[in-house]
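**Student:** Predicted coordinates and the sequence they were generated for:
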Amino acid sequence: MRHRMTLTSNPRLILFILLLAGLPAAGVLLIIFAGVLIGVIALAAAAYLDYTVLRFFKNHLKSWVETNEQALSCQMPDGDLLSFPWGSITIAGYATQERGHSFLFVYDEQADKLVIIPKEYSDFDALHEAIRARTPYRELSLSRGETIQERLKADIL
């Protein structure tokens, strides 16, 4: 089953769309109220920020996590394709940070690959169950400032 980050699974992405529309509008308003030079500079800055946010948005919407009988595969936002055969996964699970952010993690010690899957992916509960059923599964609670990498390093060694 393929899981993607979508607008319905991550409504916060709508804020990016509003930001994309709001930045050029602010630049136009500055042309009207603050003068042409300041407005054009603000509009250029808004265009650059829009480009950066749009690229980030597009890459995240193209990413996916897929489970099948052989492996868990991930198309990362940066374009990398990671594959974790179920038998090679050293540890996987569900981690919750002190501020309440939670995510799935999958680690292959032999290949030294770690992937973190945020809750914003579609059908997260089904993905969580697939990982729980097929891997050495743990639930972790991370303290303030502690990363999953630090925790796994301490637990595995």
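**Tutor:** Sure, I can see it.

**Student:** how close does residue 70 get to residue 87?
**Tutor:** 9 Å (Cβ to Cβ, to the nearest Å). For the C-beta atoms, the positions are set from N, CA and C on the backbone; glycine is no exception.

**Student:** Apologies, that question was intended for residue 155.
**Tutor:** Residue 155 sits 20 Å away from residue 87, going by Cβ to Cβ.

**Student:** One more: residue 118?
**Tutor:** Residue 118 sits 25 Å away from residue 87, going by Cβ to Cβ.

**Student:** Of those two, give the one with the bigger neighbour count.
**Tutor:** Neighbour totals were compared for residue 118 and residue 87, and residue 118 leads with 14 against 10 (other Cβ atoms under 10 Å).

**Student:** which ones are touching the closest residue to that one other than its chain neighbours?
**Tutor:** Closest residue to residue 118 in three dimensions, ignoring its sequence neighbours and counting by Cβ to Cβ, 6 or more residues apart in numbering: residue 103, at 4.9 Å. For residue 103, the contact set (Cβ atoms under 8 Å, 6 or more residues apart in numbering) comprises 94, 95, 116, 117, 118, 119, 148.

**Student:** Kindly recompute the last result at 10 Å.
**Tutor:** Neighbour list for residue 103: 93-97, 115-121, 124, 142, 148 [criterion: Cβ atoms under 10 Å, 6 or more residues apart in numbering].

**Student:** Wait, a helix at it?
**Tutor:** No - under DSSP: H, G, I helix; E, B strand; the rest coil, residue 103 sits outside any helix and is assigned strand.
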